[in-house]
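**Q** Dropping a prediction and its sequence here:
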Amino acid sequence: MTTTVPFLLLVTVGLFALALGGCTPKHTPEPETAAIPPQTKAWMDRLTVRTEYDPKTGFIVAREVVPLPGALRDAPPLPEALEAARRSGKPVLAFATADRCGPCQQYKKDALNDPRVVAWIQEGRAHVAHVEVDRQTDAVALLPSSAIPMTYWMVDGQVVASLRGQRSADELLEFLRGRS
């Protein structure tokens, strides 16, 4: 008889909890996500690097960082490239990107790592520099724009031509051939 009372008490409490919904799964709504603007969505659909949309900034944020080719990775910082260009009389080819930028990572993956572009850079027609805009604020101050990705052709320390945005290797090579 003494074991029946605790058992009945347990069943009663259990049924009461069940009636209050304590044992039923609760519906938790999905976190609200801002709709991606159609033009941005179309752009993101063309990218092959992992990205996501940041509704607060409107940016396509990279979720992977593509390594630079050795010719750019080992290039001097922009101030040093400009000084070397001053001494040699050659132009400077500068690339501005950011690790956080999805289109920048796609530009590095497609155009900057293309063997034809790497070969052009290695020919030495221009001093090259890569500016990681979030880490090289001194170099960013030498550029006329904070837009990324950007490609700059500089003569005597001045930007004389620029190529805005993520481009294909063919578009970049056309830009380069038009300068040299």
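**A** Yep, that arrived.
**Q** Neighbouring strands - and their directions - for the strand or helix carrying residue 131?
**A** Residue 131 belongs to strand 127-132 when elements are defined using DSSP states H and E. Its sheet considered, strand 127-132 pairs with strand 92-97 (parallel) by DSSP bridges.
**Q** what about the helix or strand that comes right after the partner strand, average pLDDT?
**A** Using DSSP H and E, the helix or strand that follows strand 92-97 in sequence is helix 102-107. Helix 102-107 carries an average pLDDT of 96.
**Q** from what I can see residue 147 touches residue 164, true?
**A** Yes - applying Cβ atoms under 8 Å, one finds residue 147 in contact with residue 164, separated by 6.1 Å. For glycine as for every other residue, the C-beta is placed from the backbone atoms N, C-alpha and C.
**Q** related to what we said a few turns ago, name the helices or strands packed onto the following helix or strand past the strand holding residue 131?
**A** Later in the chain than strand 127-132, the nearest helix or strand by DSSP H and E is helix 137-140. Contact here means 3 or more Cβ pairs under 8 Å, 6 or more residues apart in numbering; DSSP states H and E; on that basis helix 137-140 packs against helix 78-88, strand 127-132.
**Q** Show me which of these has the highest average neighbour count.
**A** Neighbour counts (mean count of other Cβ atoms under 10 Å) averaged over each of these peak at strand 127-132, with a mean of 22.
**Q** so how far is it off the chain centroid?
**A** When C-alpha coordinates are averaged (Cα atoms, centre = their mean, to the nearest Å), strand 127-132 and its chain have centres 17 Å apart.
**Q** distance of residue 71 from residue 80?
**A** According to Cβ to Cβ, to the nearest Å, residue 71 and residue 80 sit 15 Å apart.
**Q** Which residue ranges of the protein form strands?
**A** For the chain, applying DSSP state E gives strands covering 51-54, 59-62, 92-97, 127-132, 150-155, 158-164.
**Q** Tell me which of these sits nearest to residue 179.
**A** When the strands of the chain are compared by Cβ to Cβ, strand 150-155 sits nearest residue 179, at 4.9 Å.
**Q** Averaging pLDDT per element, find the lowest-scoring helix or strand in the protein.
**A** helix 4-19 (a mean of 44; mean pLDDT, DSSP states H and E).
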